[in-house]
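[1] 3D model of this:
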Amino acid sequence: MRGTYLIVEHVIEFPSWRADLAVLLADLDVFLVGVHCATDGADRALATHSV
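    Just a heads-up that it's a prediction; the model follows:
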């Protein structure tokens with residue numbers, strides 16, 4: 001398989017955002033990976049994440 005591979009991190013906060021992404025990405029091979037955690041766990045993870 002040849003092509004460009006891209007990893008994108010995005011928070012899908014509302015069901016409508018998921019529906020929008022489904023339409024926008026319909027012509028692409030996309031894998032969605034869900035990560036669910038408590039808010040304090042997300043805050044700790046983001047605090048250690050450098051931009």
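[2] Closest to the centroid, which residue in the protein?
    Centroid-nearest residue in the chain: H10, 3.5 Å away (criterion: C-alpha atoms, centre = their mean).
[3] what about that one, distance to L21?
    8 Å (C-beta to C-beta, to the nearest Å). Any C-beta I mention is one placed from the backbone N, CA and C, and that applies to glycine too.
[4] element containing A47, please.
    helix 39-48 (DSSP states H and E).
[5] who touches that helix?
    When contacts are defined by C-beta atoms under 8 Å, 6 or more residues apart in numbering, helix 39-48 is touched by residues C37.
[6] distance of the residue nearest to the centre of the chain from L25?
    Applying C-beta to C-beta to H10 and L25 gives a distance of 11 Å.
[7] And the helix holding A47, what's buried?
    Within helix 39-48, no residue is scored as buried using 16 or more other C-beta atoms under 10 Å.
[8] any idea of the mean pLDDT for that helix?
    In this model, helix 39-48 has an average pLDDT of 79.
[9] List the contacts of the residue nearest to the centre of the chain.
    Counting by C-beta under 8 Å, 6+ apart, H10 touches L21.
[10] Determine how far the last residue of stretch 24-39 lies from the first.
    28 Å (C-alpha to C-alpha, to the nearest Å).
[11] Run through the protein and note the low-pLDDT ranges.
    Along the chain, segments meeting pLDDT under 70 span 1, 50-51.
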